[in-house]
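[1] Provided below are the primary sequence and the corresponding predicted coordinates.
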Amino acid sequence: MASRRDLFQSYQFLTQRVVAGLVLRESDPLQSPVRRMGGAAFGSVMVAVLVLAVVGVIGVINPGGNSTWQTAGAVVVEEETGTRFVYLPDDDGTMRLHQVANFASAALLTRSTEVVSVSSASLDGVLRGPRLGIDGAPDALPAADDLLTDPWTLCSAPVSAASGESVPLTALLVGGGAGGGRSLGDDVLLVRDRGTGELQLVWRGRHHLVVDEDAVLLALSLRDVPQVEVGSAWLSGLPAGQPLQPEPVAGRGVPSTAVPGALVGQVGRVGGGDGGGDSAQWYQVDLDRVVEITEVQARILLADPSTAQQAYGGGEPTPLELSAVDVTGVDSVELPEADPADPPAVLPTPAQVAGSDETLCAGFADGGDPDDVRVGARVDLAGGVLGPGATSTGTALADLVVVPPGRGALVSARASAEASSGALFLVTDEGRAYPVPSPVEAADLGYDAAAAVPLPEQLVARIAPGPALSEAAARAAA
């Protein structure tokens, strides 16, 4: 009877015959069908070992022989250390290898963002030059595809200080927005600048300084309206409008030849009933003419104590009831054409706010004034970079600049919405705005200046400035 060993060897023999029949078309060959393949594999391995040995010997005899980087016109990075170099001619045309302070400087000097990695051995023996570059320039540049083009948002949000007190924090969201809240629309908002103590009225995306608080708040029925506390940087990011203050004519208190029985500086009204109303026309009496004013200007004049003393003989100031004949038969000055910087002309409606610690957010797009101001908005401040708060000259800066990691923005800071161009800035995730002197430097850094996002210059000025990214500055010894 056959043993297990005999059966296994019989199975192996049968399998070998089947393989031989398939490979060699002969079931009983003189040699194994895989013997040739094994020999070929062994020979291949020996050839590979021999080639590697030859390459190794050449490397020992002539190490670091790579010199193609010298003609690449790219930023040279040493593989072992990550140190950046540029290979440039000096004044007499001699090529020298210069270490550079940062990648932005290297890109400006080579006019390329291409990188070539080279071993330190390949750099041995190359003539060296002084270290070049712009101190403080970015060492990492966002790719052109990673530049943010969405609108920016400037927010004032309450945060708790170490003392437990709630203080307003100004946050600038680069290419980001805020959610929720209520649009300010045509309503007005009273805000108090925590830094200066000044009271400002926000309307249609602009801030208007309240010069005489008692007179203005009384005139506009805003005495009991909550005032939201904000930082100076938030207000500075909004365009400034004309201040709210009494605007009297000169020579108040003397008789006027324009309106019989009236004194210079008194306020007159044509139509509108006892309360004035939208149909009323308001005037200030001058020496020999009448000057048309807005309802808001009229109410502020009537609420100003100096008007009572100088134009009404110490009595209560009340508007003179005038007829159309009274103002058409004399020399008159019409209201100037409305300007976006003007404060409200008629009695405004105050916005509904919960208290002094509301979150306010203004959205900016297309280089113009804020397209919307929202009250009680939700804002995500995660990942923001804390700023210095102010420049050395006292310019108010955003407390926090929020840029997604690895992203950035190329912006054109415009003086007005009508301006066709503006200064270029590169904003990085470090929370800095670097001036880019011209489209040429923008191209050297890998960007198209024509694709820069237009934004108001007073908004871009809320970011801490970095050094200018110019080729001339990059050539200076660091």
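    Structure received.

[2] report the spatially closest residue to the residue nearest in space to the middle of the chain, excluding sequence-adjacent ones.
    With distances taken as CA atoms, centre = their mean, Val174 lies nearest the centre of the chain, 4.3 Å away. Distances taken as CB to CB, 6 or more residues apart in numbering place Val403 nearest to Val174, at 4.6 Å, with adjacent residues excluded. Glycine gets a C-beta too; all of them are placed from N, C-alpha and C.

[3] hmm, the one you found is touching Arg432, no?
    No. Between Val403 and Arg432 no contact is recorded; they are 9.6 Å apart, counting by CB atoms under 8 Å.

[4] more neighbours: these two, which one.
    Val403 (25 against 22; other CB atoms under 10 Å).

[5] now do the same contact list for that one.
    148, 174-175, 383, 385, 409, 427-429, 431 (CB atoms under 8 Å, 6 or more residues apart in numbering).

[6] okay, now Arg128: neighbour count?
    11.

[7] what pLDDT is listed against Gly73?
    Predicted confidence (pLDDT) for Gly73: 83.

[8] quick one: contacts for it?
    Gly73 touches 110-112, 114, counting by CB under 8 Å, 6+ apart.

[9] same thing with Leu220?
    188, 296, 299-300, 347-348.

[10] beta partners of the nearest residue to Leu132 once chain neighbours are set aside?
    Leaving aside its sequence neighbours, Leu132 sits nearest to His98 (CB to CB, 6+ apart; 4.8 Å). When assigned by DSSP bridges, His98 has beta-bridge partners Val86.

[11] got it, and Ala433?
    Val427, Pro465.

[12] give the contact list for it.
    Here Ala433 is in contact with 411, 425-427, 460, 463-466 (CB under 8 Å, 6+ apart).

[13] what does Ala477 give?
    130-132.

[14] just the buried ones from these?
    Among these, those classed as buried by 16 or more other CB atoms under 10 Å are Leu132.

[15] return the subset of the contacts of Ala477 lying in strands.
    Secondary structure from DSSP state E places none of the contacts of Ala477 in strands.

[16] any idea which of the contacts of Ala477 is closest to Leu455?
    Leu132 (31.8 Å; CB to CB).

[17] how close does the closest one sit to Gly329?
    78 Å (CB to CB, to the nearest Å).

[18] pLDDT weak spots in the stretch 301-450 of the chain?
    Counting by pLDDT under 70, the stretch 301-450 of the chain shows no low-confidence range.

[19] now do the helices in it.
    305-311, 324-328, 439-444 (DSSP state H, counting those that start in this stretch).

[20] whichever helix or strand comes after the last one pairs with which strands, parallel or anti?
    Following the chain from helix 439-444 toward its C-terminal end, the next helix or strand by DSSP states H and E is strand 453-456. Taking DSSP bridges as the criterion, strand 453-456 forms sheet pairs with strand 408-414 (parallel).

[21] alpha carbons of the strand it pairs with, in CSV - could you do that?
    Written as CSV, here are the backbone C-alpha positions of strand 408-414 (Å, rounded to 0.1, in the frame of the first residue of the first chain):
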residue,chain,number,x,y,z
GLY,A,408,-4.4,84.7,0.4
ALA,A,409,-5.6,87.6,-1.7
LEU,A,410,-4.3,89.9,-4.3
VAL,A,411,-6.2,93.2,-4.0
SER,A,412,-6.4,96.6,-5.6
ALA,A,413,-7.0,99.3,-2.9
ARG,A,414,-9.3,101.9,-4.5
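
[22] check the offset of that strand from the chain's centre.
    7 Å (CA atoms, centre = their mean, to the nearest Å).

[23] could you do stretch 92-100 as well?
    With CA atoms, centre = their mean, you get 37 Å for stretch 92-100.

[24] and the average pLDDT for that stretch is what?
    Stretch 92-100 comes out at a mean pLDDT of 94.

[25] end-to-end on it?
    Start-to-end span of stretch 92-100 (CA to CA, to the nearest Å) is 21 Å.

[26] so which residues make contact with it?
    70, 75-76, 83-90, 106, 109, 123, 126-133, 474, 478.

[27] state the pLDDT value of the residue nearest to the centre of the chain.
    So Val174 comes in at 97 (pLDDT).

[28] surely it touches Ala409?
    Yes. Counting by CB under 8 Å, Val174 does reach Ala409; the two are 5.5 Å apart.

[29] overlap in contacts, the two.
    148, 403, 427.

[30] what's near enough to touch the first one?
    Leu148 sits next to 174-176, 403-404, 407-409, 453 when contact means CB under 8 Å, 6+ apart.

[31] buried only: go through these for me.
    Applying 16+ other CB under 10 Å to those flags 174-176, 403, 407-409, 453 as buried.

[32] near Tyr312, how many residues? Count them for me, please.
    So Tyr312, with other CB under 10 Å, has 18 neighbours.

[33] now it. Nearest residue, chain neighbours left out?
    Going by CB to CB, 6+ apart, Tyr312 has Gln266 as its nearest residue, at 6.8 Å.

[34] dihedrals phi and psi, the one you found?
    phi -70, psi 160 (degrees, to the nearest 10).

[35] please renumber the chain so that the first residue is 640 from this point on.
    Yes, from this point I'll number from 640; that puts the last item at Gln905.

[36] what sits against it?
    Gln905 touches 895, 923-924, 950-951, 956, 959, counting by CB under 8 Å, 6+ apart.

[37] and which of the residues you listed is nearest to Ala1004?
    Gln923 (39.3 Å).

[38] any buried residues in stretch 803-820, and which?
    Buried-residue list, stretch 803-820, by 16+ other CB under 10 Å: 807-817, 820.

[39] in stretch 1083-1094, what counts as buried?
    1083-1084, 1086, 1088, 1091-1094.

[40] same check on stretch 993-1001?
    By neighbour count on 16+ other CB under 10 Å, the buried set for stretch 993-1001 is 995-1001.

[41] kindly report the same for stretch 1052-1060.
    1052-1053.

[42] quick check: which element contains the nearest residue to Val716 once chain neighbours are set aside?
    Among residues not flanking Val716 along the chain, Ser756 sits closest, at 5.1 Å (CB to CB, 6+ apart). Assigned by DSSP H and E, Ser756 falls within strand 754-757.

[43] what is that strand packed up against?
    On a contact count with 3 or more CB pairs under 8 Å, 6 or more residues apart in numbering; DSSP states H and E, strand 754-757 meets strand 714-717.

[44] give me the pLDDT value at Gly907.
    Predicted confidence (pLDDT) for Gly907: 96.

[45] quick check: it touching Val898?
    Yes. Judged on CB under 8 Å, Gly907 makes contact with Val898 at a distance of 6.8 Å.

[46] neighbour count: these two, which is higher?
    Gly907 (24 against 21).

[47] what's that one in contact with, if anything?
    Contact analysis of Gly907 by CB under 8 Å, 6+ apart lists 898, 901, 921-924, 929, 958-961, 965-966.

[48] just the residues you listed: which are in strands?
    921-924, 929, 959-961.

[49] for Met734, see how far away the nearest residue in space to Arg1013 that is not next to it in sequence is.
    Distance criterion CB to CB, 6+ apart; nearest residue to Arg1013, sequence neighbours excluded, is Gly820 at 3.7 Å. Noted for Gly820: a distance of 60 Å to Met734, by CB to CB.
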